[in-house]
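Visitor: This is a predicted model, with the sequence first.
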Amino acid sequence: MLAAGTADLLARWLTHKAALDGAADKTIEAYQRDLGGFLQFLAEHLGEAIASGGLKRVTLQDMRAWMAHERRRGVSARSLARALSAVKGFYGWFGEREGFEPTAVLATRAPKFSAKLPRPVAVQAARDLISTVDLQHTEPWIGARDMAVVTLLYGCGLRISEALSLTIADTPLPEVLRIKGKGGKTRLVPVIPAARTAVDAYLSTCPHPQFADNPLFLGVRGGPLNARQIQKVMEQARNQLGLPASATPHAMRHSFATHLLAAGGDLRTIQELLGHASLSTTQAYTAVDQARLMEVYSKAHPMARAPA
């Protein structure tokens, strides 16, 4: 049970995140869900409707009780860390607005978890997946559509949501595509010839109307293509090729980054192409292993070569 003032505070913070920080709709929904759950727990834990005064009195013990409650509910460490980040963000804004220091909340440590990223597929496996995806449907235009989507994931490093958000107005694909990614951030992505060819082949066979504001990729009935369809066709293709379950649509984006790095691309450029806010995210994403680092060291460092 939330006091009217607390519900209003939450709404104001969400509006602030959307308007000033440019948070995406799905991010706002996650914030609302996480903060709503936290505030509901406080109301039950403290046995009273939570007003702004009660929010200021939250202790470190209260925070630990909430985290223990979430873990007992089966919430993963990763999801709990995300929820705690939302709570801290709200309290940082609330504290600045009300002129108090939310020390107990901000001092709460997030649970540790191992970042799990999809493993990249080998270069030849990526090529095989793209060509095999084309064969999964008896309708040629659907096969061409699926091949075009997967080519954009691997050839341009797009997220599947970014590929499916393209419209007819974006075609014919230019040499450099302007992509609106997470958090509304825009980046420029070079388009390889294979991606342009795949999209053109799909459009030339697609039976549905192609108005400028229509989604580029359409489902069988002419509505926007659902990401689940691409996940399903990737599953069929990888099973036929004997590839592991980790060969998902997102793994194609991961492979884009990893293969660029292996070919000599620098992390800063790959960071820009992927649309990562932090270089550390790109470093984890590309899984720079010890062998790769030692290879660079051996070639570049003047003391690395054995004396003649």
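Guide: Yep, that arrived.
Visitor: Every contact and neighbour count from this point should use C-alpha atoms.
Guide: Fine.
Visitor: Residue 48: neighbour count?
Guide: Neighbourhood size, residue 48 [other C-alpha atoms under 10 Å]: 13.
Visitor: can you confirm it is in a strand?
Guide: No: secondary structure of residue 48 (DSSP: H, G, I helix; E, B strand; the rest coil): coil, not part of a strand.
Visitor: ranges for the helices of the stretch 201-308 of the chain?
Guide: 227-241, 249-262, 267-274, 279-285, 290-300 (DSSP state H, counting those that start in this stretch).
Visitor: Give me the mean pLDDT for the helix or strand that contains residue 8.
Guide: Element membership for residue 8, per DSSP states H and E: helix 4-19. Average pLDDT, helix 4-19: 83.
Visitor: starting at the chain centroid, how far to it?
Guide: Centroid separation for helix 4-19 versus its chain: 25 Å, with C-alpha atoms, centre = their mean, to the nearest Å.
Visitor: re the thing from before, any idea which of the helices of the stretch 201-308 of the chain gets closest to residue 29?
Guide: Shortest distance between residue 29 and the helices of the stretch 201-308 of the chain, using C-alpha to C-alpha, is found for helix 227-241: 19.3 Å.
Visitor: could I get the closest one in PDB with only the CA atoms?
Guide: Output of helix 227-241 as PDB, limited to C-alpha atoms (Å, rounded to 0.1, in the frame of the first residue of the first chain):
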ATOM      1  CA  ALA A 227      11.500 -11.500 -33.200                       C
ATOM      2  CA  ARG A 228      10.300 -14.900 -32.100                       C
ATOM      3  CA  GLN A 229      10.100 -15.900 -35.800                       C
ATOM      4  CA  ILE A 230      13.700 -15.200 -36.300                       C
ATOM      5  CA  GLN A 231      14.600 -17.100 -33.100                       C
ATOM      6  CA  LYS A 232      12.700 -20.100 -34.300                       C
ATOM      7  CA  VAL A 233      14.200 -20.200 -37.800                       C
ATOM      8  CA  MET A 234      17.700 -19.800 -36.300                       C
ATOM      9  CA  GLU A 235      16.900 -22.800 -34.000                       C
ATOM     10  CA  GLN A 236      15.900 -24.900 -37.000                       C
ATOM     11  CA  ALA A 237      19.100 -23.900 -38.900                       C
ATOM     12  CA  ARG A 238      21.500 -24.500 -36.100                       C
ATOM     13  CA  ASN A 239      20.000 -28.000 -35.400                       C
ATOM     14  CA  GLN A 240      20.400 -28.900 -39.100                       C
ATOM     15  CA  LEU A 241      24.000 -27.700 -39.000                       C
END
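Visitor: Quick one: mean pLDDT for it?
Guide: Helix 227-241 carries an average pLDDT of 95.
Visitor: List the buried residues of that helix.
Guide: Neighbour counts over helix 227-241 (16 or more other C-alpha atoms under 10 Å) mark 230, 231, 233, 234, 235, 236, 237, 238 as buried.
Visitor: quick one: low-confidence parts of the stretch 1-150 of the chain?
Guide: For the stretch 1-150 of the chain, the stretches with pLDDT under 70 are 1-4, 21-23, 52, 114-118.
Visitor: could you pull out the helices for it?
Guide: 4-19, 25-46, 52-56, 60-72, 77-98, 103-106, 123-133, 140-156.
Visitor: Tell me which of the ones you listed sits most buried.
Guide: Most buried of the helices of the stretch 1-150 of the chain by mean neighbour count (mean count of other C-alpha atoms under 10 Å) is helix 140-156; its value is a mean of 24.
Visitor: ok, and what's touching that helix?
Guide: Identification of contacts with helix 140-156 by C-alpha atoms under 8 Å, 6 or more residues apart in numbering yields 126, 130-131, 133-137, 158-160, 163-164, 189-192, 194-195, 198-199, 201-202, 205-207, 217, 220, 230, 233, 249-250, 252-253, 255-256.
Visitor: counting contacts, what elements does the following helix or strand past that helix pack onto?
Guide: Using DSSP H and E, the helix or strand that follows helix 140-156 towards the C-terminus is helix 160-164. With contacts defined as 3 or more C-alpha pairs under 8 Å, 6 or more residues apart in numbering; DSSP states H and E, the packing partners of helix 160-164 are helix 140-156, helix 227-241.
Visitor: Residue 96 is nearest to which of the ones you listed?
Guide: Of all the helices and strands packed on helix 160-164, helix 227-241 comes closest under C-alpha to C-alpha, at 40.3 Å.
Visitor: which helices and strands does that closest one pack with?
Guide: helix 123-133, helix 140-156, helix 160-164, helix 249-262.
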